[in-house]
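Peer 1: Here's my sequence, what's the structure:
(6 chains)
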There are 4 protein chains.
Amino acid sequence: MPGSRRTAVEGEQRRAQIVDAAQHAIATAGFEGLRVRDVAAQVGINIATLHYYFPTKEALVAAVVQRIVRTLDRVPLNDPVHDPRRMLIEHIQHILGRFAADRNLFVVLNEIYARADRDAELHAVLLSNDHAWADYLRTIFAAGRDAGQFRADLDPDGATVLVIGFLKSLLAQLDLTVERGRLAADEIVRAVTAP
Amino acid sequence: MPGSRRTAVEGEQRRAQIVDAAQHAIATAGFEGLRVRDVAAQVGINIATLHYYFPTKEALVAAVVQRIVRTLDRVPLNDPVHDPRRMLIEHIQHILGRFAADRNLFVVLNEIYARADRDAELHAVLLSNDHAWADYLRTIFAAGRDAGQFRADLDPDGATVLVIGFLKSLLAQLDLTVERGRLAADEIVRAVTAP
Amino acid sequence: MPGSRRTAVEGEQRRAQIVDAAQHAIATAGFEGLRVRDVAAQVGINIATLHYYFPTKEALVAAVVQRIVRTLDRVPLNDPVHDPRRMLIEHIQHILGRFAADRNLFVVLNEIYARADRDAELHAVLLSNDHAWADYLRTIFAAGRDAGQFRADLDPDGATVLVIGFLKSLLAQLDLTVERGRLAADEIVRAVTAP
Amino acid sequence: MPGSRRTAVEGEQRRAQIVDAAQHAIATAGFEGLRVRDVAAQVGINIATLHYYFPTKEALVAAVVQRIVRTLDRVPLNDPVHDPRRMLIEHIQHILGRFAADRNLFVVLNEIYARADRDAELHAVLLSNDHAWADYLRTIFAAGRDAGQFRADLDPDGATVLVIGFLKSLLAQLDLTVERGRLAADEIVRAVTAP
DNA sequence: CATGAATGAGTCTTCATTCAT
DNA sequence: TATGAATGAAGACTCATTCAT
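Peer 2: Coordinates of the predicted model:
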């Protein structure tokens, strides 16, 4: 079948276009305001065509969620034990940087977490991701404490919950500027550093 | 005006019933899944009756939001300067307690914050509330630092962002138990306490 | 029952108020846009109170129609045979005068005629009125022709249809000023007058 | 674009079907009684399909009005100066003929004129049409008078208002038969003809 | 007489989805 | 692959009317 590969590639591109548009739509109007018609119009295709690629709205939403979760996976989790304090700083700054660069991603993320509360499957996916994230931070904190970089009475579990909480709340902190975000990040570092 | 007082009271009760049901519906299905019909059914009244009290769905949602925001206002903000460390602990525990007692409130709150991103009016209301909250915490941190209870290098602003972030993220931390919440709270206190 | 008469009078006044408001509403928004709620609000009473006076919307509309038809009855139909030409002029001018003075009445009248097309009862009432009107004009034309005031070849029946048509169309002639109305009236008179 | 022409034609046909049905419904029940559901049922399509062609009820009404106005445009306005008297007769008879042939058109027209009183846009459209109509008649009357066919003291403007009024009132004259209409038409002609 | 509250029966409109071509 | 057309199921909202007080 000559050309079949090119077609397949084009198909993937189209799917990606649609997911892009859907994600943008969710960021703009929330899941509440997501309309497959609008997504199709944004891409410049017919609704029926969209349904050819994504049979149901749910499938489209799932594709958006999936892609975002995959993105999260790619959050750099460098070797935490070498220089824990540095790793912590880099990790926080990396996420703050992403927040500044692509706020839309966080808007959708927020919607996704809200939805997880009533969507068991989504809950499971996010939970699994969060576990990996928490493990990473916990390792950093434990290693840093054991190496004397962090306070001796630091509780890795508590600190992990605290830091993840802060990072997850970026969007809900309505007046959070990049600077105030860095202030908080600095405070975290000082707060965990051994005196 | 025969019976006007009793009638007025009953009217208010009915309104409250409707708002209750609506809040519950939002907690269950999100703004996305809110159906005035279901709310009316929950209260046991006709849809037209619901519209008698709240002309539009938007008005009903506004009433729910308004009531929740009013609830937030009542978060006890005790005198922060007397014993800052104790005030901080009490404040955090109060909110953790509410979270444990009425998780639904936080679910709706989460929805509300998500919505604020595309609703300027809502944004303004929440922002004003958040400002008051931040001011309170900032005062605690500054007072505690100046009194020597807290670390000398503590940045009140950064710490405030951090704590509010943690408290706001309670819901997004999918596997957060009450215990792990307390662990994080304890860590906060240790982290700010002077060595 | 002392005071019963005064009460009855007040009741009639209230009914009249309601009919007034209803007629005004019809003139403003047409039968299409008539809302009993609005009428009640206009009068300053509760809808239930309005329904006390007029059990159904249809009854209210009937009252409006009845009053207007009664008004039409009072169109002066002077003795047509004494000076037919003068009678014709006066009749036309009387109606043009009313049109100038109370355009709303004609707006409602127009609605009523449109409605008569699908309301047999209304049709009968209006038809009876129109017959009396046509008879009056026909008598004028016949008398004027026989007396030599009008053209010898004047057909009373045709002229009657023509004049009534013109008068009925006042409202449908969108750009009809008082002056142009008088021009047409003058033309009628010249057209029927014997050369 | 496979089948695009056939599809486009079919689409237009469907639109026409819907407008037909809507016009019929208005003629039957007035604007007051127009129900999109009934129109769809008449055509034999789903309500949603009707909304596919006409997004709102208002758009459907506009289409009906537009088509009728377009129809009016096509009223033959022959060269008025050659034989004005004949032109006048033909014009009047043409309209009387249409009235006899398609009374429904006039019923709707009546509704439309009533509505124009509270719809500025509609008012403008009808007014523009009426102006063209009046110009045509005025030219006929002026030419006929100057050519000696019509009375020397004929006022073209007054006569125009009169004739248009008569023609517009066809519907409001409840007991108007075709014959009585012709009587009036004949009377018009006699009334303007030079003695 | 008057009213606040309640309701049944609509009315328009929306939206995800399907299907023939 | 792509589309115009079609639809079922639901959605918010309206309105005349009723009833207990």
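Peer 1: use CA for all of it now, contacts and neighbours both
Peer 2: OK.
Peer 1: ok, for the residue most central in space within chain A, nearest residue in space, not its chain neighbours?
Peer 2: For chain A, the residue nearest the mean C-alpha position is A:L72 (4.5 Å; C-alpha atoms, centre = their mean). Closest residue in space to A:L72, ignoring its immediate chain neighbours: A:N129 at 7.9 Å, by C-alpha to C-alpha, 6 or more residues apart in numbering or on different chains.
Peer 1: so what's that neighbour up against?
Peer 2: A:V69, A:L72, A:D73 (C-alpha atoms under 8 Å, 6 or more residues apart in numbering or on different chains).
Peer 1: Could you measure from the closest residue in space to the last one that isn't next to it in sequence over to C:R70?
Peer 2: Right, the one you point to is A:D73. In space, and not counting its chain neighbours, A:D73 is closest to A:N129: 7.3 Å by C-alpha to C-alpha, 6+ apart. Distance, A:N129 to C:R70, by C-alpha to C-alpha, to the nearest Å: 82 Å.
Peer 1: same thing with A:H131?
Peer 2: 85 Å.
Peer 1: So for stretch A:63-74, what gets flagged as buried?
Peer 2: A:A63, A:V64, A:V65, A:R67, A:I68, A:V69 (16 or more other C-alpha atoms under 10 Å in any protein chain shown).
Peer 1: cool, and stretch A:90-102?
Peer 2: Across stretch A:90-102, burial judged by 16+ other C-alpha under 10 Å covers A:H91, A:I92, A:Q93, A:I95, A:L96, A:F99.
Peer 1: Do the one helix or strand the second one maps to and chain B come into contact?
Peer 2: Okay, so that is A:I92. In this assignment (DSSP states H and E), A:I92 forms part of helix A:84-101. No. Using C-alpha under 8 Å from any C-alpha of the partner chain, helix A:84-101 stays clear of chain B, coming no nearer than 12.4 Å.
Peer 1: ditto for stretch A:172-179
Peer 2: Yes. Looking at stretch A:172-179 against chain B by C-alpha under 8 Å from any C-alpha, the contacts come from A:A172, A:Q173, A:L174, A:D175.
Peer 1: follow-up on the earlier one: could you redo the buried residues of stretch A:63-74 as a markdown table and give each row distance to A:V125?
Peer 2: Listed next are the buried residues of stretch A:63-74 as a markdown table, based on distance: C-alpha to C-alpha, whole Å:
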| residue | distance to A:V125 |
| --- | --- |
| A:A63 | 13 |
| A:V64 | 13 |
| A:V65 | 10 |
| A:R67 | 12 |
| A:I68 | 11 |
| A:V69 | 8 |
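Peer 1: Also compute the angle for the one helix or strand A:D135 maps to relative to helix A:84-101, please.
Peer 2: Using DSSP H and E, the element containing A:D135 is helix A:120-146. Between helix A:120-146 and helix A:84-101, the angle comes out at 140 degrees (axes from the mean of the first three to the mean of the last three C-alpha atoms, to 10 degrees).
Peer 1: Extract the C-alpha trace of the helix or strand containing A:I68 and format it as CSV.
Peer 2: Assigned by DSSP H and E, A:I68 falls within helix A:57-73. Output of helix A:57-73 as CSV, limited to C-alpha atoms (Å, rounded to 0.1, in the frame of the first residue of the first chain):
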residue,chain,number,x,y,z
LYS,A,57,-16.6,13.3,23.4
GLU,A,58,-15.3,11.2,26.3
ALA,A,59,-12.7,9.7,24.0
LEU,A,60,-11.5,13.2,23.1
VAL,A,61,-11.3,14.2,26.7
ALA,A,62,-9.4,11.1,27.5
ALA,A,63,-6.9,11.9,24.8
VAL,A,64,-6.4,15.3,26.2
VAL,A,65,-6.0,14.0,29.7
GLN,A,66,-3.7,11.2,28.5
ARG,A,67,-1.4,13.7,26.7
ILE,A,68,-1.2,15.9,29.7
VAL,A,69,-0.4,13.1,32.0
ARG,A,70,2.3,12.0,29.6
THR,A,71,3.7,15.5,29.8
LEU,A,72,3.8,15.3,33.5
ASP,A,73,5.7,12.0,33.3
